[in-house]
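**Q** Predicted coordinates and the sequence they were generated for:
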Amino acid sequence: QVQLTESGGGLVQSGGSLRLSCVASGLSFSQHDMGWYRQAPGKARELVASFTKGGDTNFVQESVKGRFTISRDGAENTVFLQMNSLKPEDTAVYYCSAGRLYTSTNLVSVAWGQGTQVTVSS
C-alpha cells in the first residue's frame, strides 16, 4: 500500500523556521519525482517546489525562493522542506506528492499525503 505521511507543521512566529518531513511507504523517492504543495484557506492548491527522482530541485516558487529548500534522505525514504524566514502569507496546509514530472511544474501524482498545517503569526 502506497502512503505518504507529512509531519513537522505547527504554529510559528513570523521570521521563524519549520522543517516539514514526508515519509514514503510502498514507493521510493529514488524512483518517483515529488512535489511540495500548499493550500491556503479559500485558495487553490499551488506547487511550492518540485524535486526529481535523481535528487535535483527542479522548481521553486518565486515567493519562497531563498527561504525554502527541498532535500532528501534516501536511506530513510524521506523528503524534507526546510522553511526559513516564514511569513504570515506562508500559512497553509502543506502536502507532499509523488509521481512523474512532465515539466518542472507538471507533476502527475500517484500518491498524496494527508497534509500538515503551517500557521505563521505576525
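**A** Okay, I see it. If you're wondering where the values come from, they're calculated on a predicted model, not measured in any experiment.
**Q** mind listing what's buried in the lowest-mean-pLDDT helix or strand in the chain?
**A** Scoring the helices and strands of the chain by mean pLDDT, DSSP states H and E places strand 57-60 at the bottom, with a mean of 90. Under the neighbour-count criterion of 16 or more other C-beta atoms under 10 Å, strand 57-60 has Asn58, Phe59, Val60 buried. Any C-beta I mention is one placed from the backbone N, CA and C, and that applies to glycine too.
**Q** Who are the packing partners of it?
**A** strand 46-51, strand 68-73 (3 or more C-beta pairs under 8 Å, 6 or more residues apart in numbering; DSSP states H and E).
**Q** Check the offset of it from the chain's centre.
**A** Put simply, strand 57-60 sits 11 Å off its chain's centre (C-alpha atoms, centre = their mean, to the nearest Å).
**Q** Any chance you could list what contacts it?
**A** Residues outside strand 57-60 that contact it (C-beta atoms under 8 Å, 6 or more residues apart in numbering) are 33, 47-52, 68-70, 101, 104-105.
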